[in-house]
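> what's the 3D shape of this:
(one chain, ligands or ions: 1)
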Amino acid sequence: MIENPLRGSQWIGSPNFGGPRTSEPPPHFRKEFHLDSPAKRATLYVTALGVYECEINGQRIGDDVFAPGWTDYHKTVYFQTFEIEPLLKVGDNAIGAILGEGWYCGYIAWENRQGYGDRPKLLLRLVIELADGSHQEVVSDTSWKTRTGPILEAGFLMGEAYDARRELGAWSHPSYDESAWQSVEILKLGSDPQLLPQIGPSIRRMGEIKPIAVHKIAYWRGPIFIYDLGQNFAGRVRIKVRAAEGRTVRLRHAEMLNPDGGIFTENLRQARADDSYVCVGNDEESWEPRFTFHGFRYVEVTGLLRDDFFELVGIVLHSDMGETGHFACSNPLLNQLQSNILWSQKSNFLDVPTDCPQRDERLGWTGDAQVFIRTACFNMDGQAFFRKWMQDVRDGQQPNGAIPCVIPHINIHKVFDDDGGPAWSDATIICPWTIYLCYGDIMILKEHYSSMQRYHEFLLKHRCIGLIRSHPDIEGWLGYGDWLALDGSGDDRGSTPPDLIGTAFLAFITELLARIARILGQDEDGQRYSNLHHEIRDAFRDRFIGPDGLMLSKTQTSTVLALQFNLLTENSRAAAAEELISLIEKNAWHLGTGFVGTPYLLGVLEESGHLETAYRLLEQETFPSWLFPVKNGATTIWERWDAWTVENGFQNPSMNSFNHYAYGAVGAWMYSRVAGIELDLENPGYRHIIFRPRPGGTLTWAEGRLKLKAGYVGIRWEMKEDMLSLSLTVPIGSCATLDLPEGYLLEPANQRLEPGNYTFTAVRQQ
Ligand code: BGC
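Here you go, the predicted structure:
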């Protein structure tokens, strides 16, 4: 057992705290200490319940934003470690911290405040090794002092209010007059969370965005300025202002504009997304909120007078995961789609993979994460990010084995028995499996195996009748269906039967469990899951396939799932694929799939020999399609195919996000088939790369790159008449095979490619 590096420290907080609907200004904390000789080494271990920023002698420590992130704080809290000796000096020193409510006690989703506790708390230990060989420690305890400062309110959903006239001066420097400060309280936690060193990437300021336009709306109380940043994203703005003392600049954030040019905020629901700054009135003042973020493209600025100077810049926040992917092709609309996917990923990867960054929701929806993870791991390095989230999933697992619909688990949707339902809770098996495939990471399978097994047992015991999952005779929650499918039902769950989706996913995850068991050397388990998989497949066939071998349910998603998960008999696959084509044709060559069917749609079409239909859907520009939003100026992925349409304008604002990555799951197909970077199930982590370009549609060229630990995988193809020229890069540590589209021949015939760069020209045979 490693000794707890935070030993001796106590959770401290302010004596004042808010209520379920009232917030309390973020408290500052301070403590002075004296060093007799220079510090040879000084290590700070620090964390908070809430979010924190630390300072020593007036200097900010680290550049993390919203540390220590979001977990189920009753179970796990991560701490950060900083080496800070250069910030210390011989003589008097001071250490300070500011705490925000963050996810711990701020508003979460559509709930009240104080989801995990009543007020933010700080836990800190500074260990100093002095030049004279002695040790000194500073810990959070009763000797610390606290007070509030210029931040009057700060929460993720509502925004931040700052009064610069209340700034505290040199509060984190020594020799500061703290007579107006109160004593802190030592706070006992109701639970005993494990304290672990941070394992995921920190959230950081990842970029700045300058406005592309400002327009002014005349209003009787003074002008309203609308700043357009040209990109929907998650973060906030930094402002510069020169105005009279007491002038209050108000900043309201929105993703879209109303037809009158004002900001559209109805889709934010209860999230006020409203920051404000009160000027001291000196020279130029600069401010950026600390403990809030918004999902927005537009900022409405009010409160300025004509002669006031004002400027703003967008600050992009997301988990610092490192971008690993690049995709481009000859259709500029698809390039914009790729950009939109990446931006929706950035906007929703703030410590937890969330559904959306703007409205009063921003939750770790398991289904969304599951459908998007493969794409996510092309765009960015997702290994550590998802390892952290899988720990959150384990923390959220219920005693009966159920996995809730959102992780970190919060007490909403209790009615659903804490089971998120098919394709949502199944993230508990699909996500570690995908991380294993993309990074060759067996650890994540090991860490999560028994949790997967308990989940699977729960499903068989409580969520199935026979082997039919989400059987209509089961009481309670049957799942979210094919969420937001536009397949004629008029219901957000679409019309694919819940038991069909449930049983198809049960078959899929059982097959994955069989594979995982074997990888982990659990051959007996592997055999058992394999047998079970066959039984589930038979049960699926009995119930959902007609005597003609085709699906009884005639939605696109029904057939897509049956083909994707190999649930049809071998000799009915081709006919089923034909039927899928006719369903698409009947829909005037448009998709009709929701969250569940969409990620697999193009892959299923391509693998069943209908590549041209796959491209027809991918490049479709009219609604519903991926490119319809692009054609209409989208810079991120919309939650709904019909989030906005020419005929109806905005969808019902009660659920209409313009920054939801789920439909961006098509990105994986663009990397793996349009460009052609595929992995090999038997040699995960791209140890064996399969270059599998599938040119089609209007495309004349495409390229993809993926950064691995040891270098880049790269491919670029160009098509001229019957000639397909290819440039390939195989990084050190990998080998590759080129899998050409049908009908193309290469001399010499397919060979194993060792690390290096290659160019080939393949010719189409007539
Ligand atoms: C979220 C989704 C989520 C869904 C569950 C919505 O409110 O935004 O993305 O998966 O609920 O069906």
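> Excluding chain neighbours, what is closest to Arg673?
Excluding the flanking residues, the one nearest Arg673 by CB to CB, 6 or more residues apart in numbering is Arg694, at 4.4 Å. Every C-beta, even on glycine, is put in place using the N, C-alpha and C of the backbone.
> Phi, psi for that neighbour please.
phi -130, psi 80 (degrees, to the nearest 10).
> List the contacts of it.
Shown in contact with Arg694 (CB atoms under 8 Å, 6 or more residues apart in numbering): 606, 611, 673-674, 676, 741.
> tell me the phi and psi of Gly106?
Main-chain torsions, Gly106, degrees, to the nearest 10: phi -90, psi 180.
> Please verify my assumption that Arg454 contacts Arg394.
No. Using CB atoms under 8 Å, Arg454 is not in contact with Arg394, being 9.9 Å away.
> Can you tell me how far the closest residue to Leu168 other than its chain neighbours is from the ligand?
Nearest in space to Leu168, with sequence neighbours left out and distances taken as CB to CB, 6+ apart, is Gly149 at 4.6 Å. Using CB to the nearest ligand atom, to the nearest Å, Gly149 is found at 35 Å from the ligand.
> can I assume Gly149 is in contact with Trp171?
Yes. The criterion here is CB under 8 Å, and Gly149 meets it with Trp171 at 7.2 Å.
> Among these two, which residue is more densely surrounded?
Neighbours were counted for Gly149 and for Trp171 using other CB atoms under 10 Å; Trp171 has more, 21 against 17.
> Residue ranges in this protein under the pLDDT threshold?
For the chain, applying pLDDT under 70 flags the ranges 1-2, 412-417, 748-750.
> Longest strand of it, counting residues only.
As assigned by DSSP state E, the longest strand anywhere in the chain is strand 224-242.
> need the next SSE after that one, C-terminal direction.
strand 248-254 (DSSP states H and E).
> quick check: angle from that following strand to strand 224-242?
Here the directions of strand 248-254 and strand 224-242 differ by 130 degrees (axes from the mean of the first three to the mean of the last three CA atoms, to 10 degrees).
> Need the contact partners of strand 248-254.
The contact list for strand 248-254, computed with CB under 8 Å, 6+ apart, reads 159, 237, 239, 241, 243, 263-265, 268, 273-279, 294-304, 310, 312, 358.
> and the residue lying farthest from the centre of the chain, what is it in contact with?
No residue in the chain has its C-alpha farther from the mean C-alpha position than Asp132, which lies at 47.9 Å (CA atoms, centre = their mean). Applying CB under 8 Å, 6+ apart to Asp132 gives the contacts 36-37.
> Surely it is within a helix?
No. Applying DSSP: H, G, I helix; E, B strand; the rest coil, one finds Asp132 to be coil, outside a helix.
> shift numbering so it begins at 357
Understood, numbering begins at 357; the last thing we discussed is Asp488.
> Against the ligand, how distant is it?
Distance from Asp488 to the ligand, by CB to the nearest ligand atom: 58 Å.
> Report the two of the contacts of Arg1050 separated the most.
Greatest spacing in these, by CB to CB: Leu967 and Gly1032 (12.6 Å).
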